[in-house]
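Colleague: Have a look at this fold, sequence not included:
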């Protein structure tokens, strides 16, 4: 079957053209055949142009690849199975410092330094046997004799071709050496710093040990100080007790002798002053150590202030000071410890008396601050016309042992404890105290601020005793003969039947014989102490109704607690004020 023109090759078409040309009857076919030949010529021309373009692009790609290959940052080699160099780029020839043409068919083994040649042979063997990539680090010696640390990375490409990369490790080794030097220097510095820290730690440990020892010494010193203060108070109160009792007795029996009465008043006032100094000293120490406790109850602040002013009015009058008292008619209720708040008012008044000359005045005013509706406050101010306060003293006024009177004669006296005690007690009640003065000679004003509270619930008054007794059987137990003698004389003068004993065993024996209604017992007795006396009395059914009063120079809170636990009904601290002594007995009549 004859092919169509489209299926004929060019030679076949030319042969067909020659045949048609010889046959004049085939003109149409001849024209069609010429047209097909023209189309094929154009297609061949287009194919030639595409082939030339492809050849040009391939040449450009080959040139680019050759450039990349030759000037790559690492050396590229093509090795045979025995390490013979079959191809190498320019970077490789530069690394080996020899012309590329002279490296072809040269064994790379010749450039490996002798100690590393076994490693190179093992490298090639492993590459041949596994076909996987093999990495080995070794050193080469260039044609100029320079030693270079390198890394070989080889992989088998075909049976006889092993593509190999040589990385120059000079910079890396230099960096590693620098890092090693730095690490060595850092290690030296760390070692030195560690030694310094160990030394500093040893010094710190020594200092901590020293501070702990110092702290222990301070705690021990504080304990000894507290013990000393308690003992000092006891030793000071013991002689004050007979002095006060003797004074009260003489005032009763010599009440018609004006001169004696004045002298006894002076003695009594000075004894009270000394007792107050002792109390302030102990109370400030307790507040500083956080050892003071308060018995809170709802108090009529206005009534309490009035009572304290009345108690001290005689002293203020003796100093020829005018008293101006301004209190609201309605009760002002606060929550606090009655004894301690009385102490606050008393200390402020004593301070005003001490620093106000004769002819001056003291104004006491109690008001309610209503500026804050959510928290009403009671404001108690004590203002005097005394010597005033210098501006440099205001900031230190409430510091313990701070003295406003710095004159050589110290005419104002005192230890500088009263105001420090006031501040501590007020703050324990959640209040504040401020002092204001315009300077020396202008007087001073102290203001105590306490929060108001609700009025207490009404309490029914206890029924009257109605026993009709006029005198009591009283037993006094104390190893201080002066104390026993003066209290005996004082109580007998008040009409009571009095028995005395000078040690605990004697006191218990007399109590069992005489069944006293009231027993005043010292705590620090020889042999059987006061606590044992109380327990013995409470253990005897016939004496359980006796009213026991501890009378001692130890007046700390712990002493009060121990006395009550031992069985005492009341704890009184020497010297006992005459009115307080009368009050105890009057409550039992």
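Modeller: On my side now, so go ahead. Everything numeric here is computed off the predicted structure, so don't read it as measured data.

Colleague: if you average pLDDT over the longest helix seen in the chain, what comes out?
Modeller: Longest helix in the chain, counting residues (DSSP state H): helix 170-253. For helix 170-253, mean pLDDT is 82.

Colleague: next one: that helix to chain centre, how far?
Modeller: Distance of helix 170-253 from the chain centroid (CA atoms, centre = their mean, to the nearest Å) equals 17 Å.

Colleague: for stretch 247-260, same thing?
Modeller: In terms of CA atoms, centre = their mean, the centre of stretch 247-260 is set 61 Å apart from its chain centre.

Colleague: buried set for that stretch?
Modeller: Neighbour-count burial for stretch 247-260 flags 247, 248, 249, 250, 251 (criterion: 16 or more other CB atoms under 10 Å). In short, each C-beta sits where N, CA and C put it, glycine included.

Colleague: And stretch 482-501, by the same measure?
Modeller: Buried residues in stretch 482-501 (16+ other CB under 10 Å): 483-491, 494, 496, 498-501.

Colleague: and that stretch, how far apart are its ends?
Modeller: End-to-end distance for stretch 482-501, by CA to CA, to the nearest Å: 12 Å.

Colleague: got the contact list for it?
Modeller: Stretch 482-501 has contacts (CB atoms under 8 Å, 6 or more residues apart in numbering) with 238-239, 241-242, 245-246, 248-249, 252-253, 470-478, 502, 507, 509-510, 514, 516, 520, 522, 574, 578, 581-582, 585.

Colleague: tell me the average confidence for that stretch?
Modeller: pLDDT averaged over stretch 482-501 gives 88.

Colleague: mind checking how far it is from the chain centre?
Modeller: Chain-centre distance of stretch 482-501: 58 Å, with CA atoms, centre = their mean.

Colleague: go on, stretch 345-353?
Modeller: Chain-centre distance of stretch 345-353: 38 Å, with CA atoms, centre = their mean.

Colleague: Report the mean per-residue pLDDT for that stretch.
Modeller: For stretch 345-353, mean pLDDT rounds to 89.

Colleague: Please look at residue 124 and residue 80 and confirm they touch.
Modeller: No - with contact defined as CB atoms under 8 Å, residue 124 does not count as touching residue 80 (9.8 Å).

Colleague: any residues in contact with both of those two?
Modeller: residue 162.

Colleague: Now, the buried residues of stretch 482-501 that are in strands?
Modeller: Members of the buried residues of stretch 482-501 lying in strands (criterion: DSSP state E): 498, 499, 500, 501.

Colleague: nearest to residue 268, of these?
Modeller: residue 498 (21.8 Å; CB to CB).

Colleague: now the closest one: how far from residue 318?
Modeller: 32 Å (CB to CB, to the nearest Å).

Colleague: Residue 104 and residue 89 touch, don't they?
Modeller: No - look at residue 104 against residue 89 with CB under 8 Å: they stay out of range, at 12.0 Å.

Colleague: Comparing these two, which shows the higher neighbour count?
Modeller: Taking neighbours as other CB atoms under 10 Å, residue 104 and residue 89 compare with residue 89 leading, 20 against 14.

Colleague: Show the pLDDT at the more buried one.
Modeller: So, for residue 89, pLDDT stands at 90.

Colleague: thought it was touching residue 73?
Modeller: No - assessed by CB under 8 Å, residue 89 is found out of contact with residue 73, at 10.5 Å.

Colleague: what about residue 435, which SS state?
Modeller: Under DSSP: H, G, I helix; E, B strand; the rest coil, residue 435 falls in the strand class.
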